[in-house]
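Student: Provided below for reference: sequence and predicted model.
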Amino acid sequence: MNDFYHRQIELWGEKIQHNLKNKKVAIIGCGGLGCSLGLTLGSSGIGEFHLVDFDKVEIHNIHRQLGFSKDDVGKYKCKALKKTLEKRSIDITFNTYASDFEEFSKKDIKVDLILDATDNLPTRQAIDKYAKKTNTPWIYASVEEFNGQVCFFEKSSFSTFNIQNKQPKGITPPIVSFIASLQANFALRYLANLTVKKDTLYYLFINDEGEFITQKFKMPS
């Protein structure tokens, strides 16, 4: 087991790595962000995952949803992603729920962290309300075109955003992986009991001249 996590153990030692085994996370949405989060965190040693998504894989998903292949078309995303992650992990539990977040939340499953990998604002608002009610931290992320946002919500409220059912525009595959990597880094640091900057919105984008820009904003309580 230590051979599998050798490079992480070099980073933070066997005790932290062992403690990750006791952590539980929920990934809400198994599309672009959810696949990248699963691939990044699913082999990190976190002990239990809850994968939530009622959608099925379509051919146009595959170019940016890296957990799927052409053979997965027509299958539930959460179940297809589970199959991929199980091939890459050792002794990790992956639970799947082919449902929306509202139905999943009624199960009242206790987790240490909720990871938002959805694509609409009303669901994120529902995640925030549930997280506040259950005192569970959550990490918001979104991608669109050449930009993305990430925020570790603890005390601030998602209601700061103008909530509307807006469909995202086109998306480039690299920005999906990039934003998911930032989100996963925050998640892993938090679960490893390392310092994480919370209630700060990170906005990252590539401008018309191809320059990478990072901005951050303190979220109101």
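Tutor: In hand now; what should we look at?

Student: any weak-confidence spans in this structure?
Tutor: 161-168 (pLDDT under 70).

Student: report the buried residues of the top helix by length along it.
Tutor: Longest helix of the chain, by residue count under DSSP state H: helix 173-191. With burial defined by 16 or more other CB atoms under 10 Å, the residues of helix 173-191 counted as buried are 175-180, 182-184, 186-188, 190-191. Bear in mind the C-beta positions are built from the backbone N, C-alpha and C, glycine included.

Student: try stretch 4-21
Tutor: Within stretch 4-21, the residues scored as buried using 16+ other CB under 10 Å are 5, 8-9, 12, 16-17, 20.

Student: again with stretch 61-76
Tutor: Buried, per 16+ other CB under 10 Å, within stretch 61-76: 61-62, 64-68, 72, 76.

Student: okay, how far is it across that stretch, tip to tip?
Tutor: Stretch 61-76 has an end-to-end distance of 12 Å (CA to CA, to the nearest Å).

Student: tell me which other helices or strands the longest helix of the chain touches.
Tutor: helix 32-41, strand 113-116, strand 138-144, strand 147-153, strand 200-206 (3 or more CB pairs under 8 Å, 6 or more residues apart in numbering; DSSP states H and E).

Student: still on that earlier bit, would you list the buried residues of stretch 4-21 in JSON lines and tack on distance to residue 46?
Tutor: Shown next, in JSON lines, are these (distance: CB to CB, whole Å):
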{"residue": "5", "distance to residue 46": "11"}
{"residue": "8", "distance to residue 46": "11"}
{"residue": "9", "distance to residue 46": "15"}
{"residue": "12", "distance to residue 46": "14"}
{"residue": "16", "distance to residue 46": "12"}
{"residue": "17", "distance to residue 46": "10"}
{"residue": "20", "distance to residue 46": "5"}
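
Student: what is the nearest of the residues you listed to residue 154?
Tutor: Nearest to residue 154 among the buried residues of stretch 4-21: residue 20, at 20.2 Å, using CB to CB.

Student: so the closest one sits right up against residue 45, yeah?
Tutor: Yes - with contact defined as CB atoms under 8 Å, residue 20 and residue 45 form a contacting pair (4.2 Å).

Student: which outside residues touch the longest helix of the chain?
Tutor: Helix 173-191 is contacted from outside by 20, 23, 25, 32-33, 36-37, 40-41, 44, 46, 63-64, 66, 112-113, 115, 117, 137, 139, 141-143, 145-150, 152, 195-196, 202, 204, 206, using CB atoms under 8 Å, 6 or more residues apart in numbering.

Student: just the buried members of those?
Tutor: 20, 23, 25, 32-33, 36-37, 40-41, 44, 46, 64, 66, 112-113, 115, 117, 137, 139, 141-143, 146-150, 152, 196, 202, 204, 206.

Student: if we can go back for a sec, report the two of the buried residues of stretch 61-76 separated the most.
Tutor: Greatest spacing in the buried residues of stretch 61-76, by CB to CB: 64 and 76 (18.1 Å).
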